[in-house]
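let me see the structure of the following:
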Amino acid sequence: MALAKTVTRVIRLEHPVINGFKEFIMRGNVIDLAVAVVIGTAFTALVTAIVVNIFNPLIASIFKADSLAQALPVTLPGGDKILFGAVIGALINFLLIAAVVYFVIVLPLNKLKEAQDRRRAAGVPSAVVADPTTELDLLTEIRDLLAKNAAADHGPKH
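Below is the predicted model:
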């Protein structure tokens, strides 16, 4: 009987483990992380296309190679090759990604934060985000209002 009840709760998605999993999935940070992974994957494809189709041919032409991966080969005694061009290509890819992240995301957000800090220091409220009221502030305000109303109810009545 207990097994049937547990199975029924799992099927109806009412089991504590299932509820915990649903809460975990619905948290904002999990969804934000999933969005970041998808955007990061798309961004990687864009940067890779730029590196492979623009920068690699330019650098390969400087080194007189068909592609950057074949540039600067060092032949080892066994006949194998060390391809320094492939490492240079990976380095260029990394530097491009770092530059785009810095100049497109980090730098503008830092400038925005500095502007908000200057407005706050000058006494001008930020139009972007007002200081949010916390749950504790709301509960404290409710408690104070209830206490005030309770004191007013116990006073003399006419």
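
from here on, contacts and neighbour counts on C-alpha atoms
OK.

need the contact partners of the helix or strand harbouring residue 33.
Using DSSP states H and E, residue 33 sits within helix 28-50. Residues from elsewhere that reach helix 28-50, judged by CA atoms under 8 Å, 6 or more residues apart in numbering: 24, 25, 93, 96, 97.

for the residue nearest to the third one when sequence neighbours are not counted, give me its contacts.
Counting by CA to CA, 6 or more residues apart in numbering, the nearest residue to residue 93 once its immediate chain neighbours are dropped is residue 51, at 6.3 Å. Contact partners of residue 51, counting by CA under 8 Å, 6+ apart, are 89, 92, 93.

ok so, going back, return the set of buried residues in the helix holding residue 33.
Under the neighbour-count criterion of 16 or more other CA atoms under 10 Å, helix 28-50 has 47, 48 buried.

could I get that helix in CSV with only the CA atoms?
What follows is helix 28-50 as a C-alpha-only set of coordinates in CSV (Å, rounded to 0.1, in the frame of the first residue of the first chain):
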residue,chain,number,x,y,z
GLY,A,28,16.7,32.0,-11.6
ASN,A,29,20.4,31.1,-11.4
VAL,A,30,19.9,27.8,-13.2
ILE,A,31,18.0,29.4,-16.0
ASP,A,32,20.5,32.2,-16.2
LEU,A,33,23.3,29.7,-16.4
ALA,A,34,21.5,27.8,-19.2
VAL,A,35,21.0,31.0,-21.2
ALA,A,36,24.7,31.9,-20.7
VAL,A,37,25.8,28.5,-22.0
VAL,A,38,23.6,28.9,-25.1
ILE,A,39,24.8,32.4,-25.8
GLY,A,40,28.4,31.4,-25.1
THR,A,41,28.0,28.6,-27.6
ALA,A,42,26.7,30.9,-30.3
PHE,A,43,29.3,33.5,-29.5
THR,A,44,32.1,30.8,-29.8
ALA,A,45,30.8,29.8,-33.2
LEU,A,46,30.9,33.5,-34.3
VAL,A,47,34.4,34.1,-33.0
THR,A,48,35.6,30.8,-34.5
ALA,A,49,34.2,31.8,-37.9
ILE,A,50,36.0,35.2,-37.7
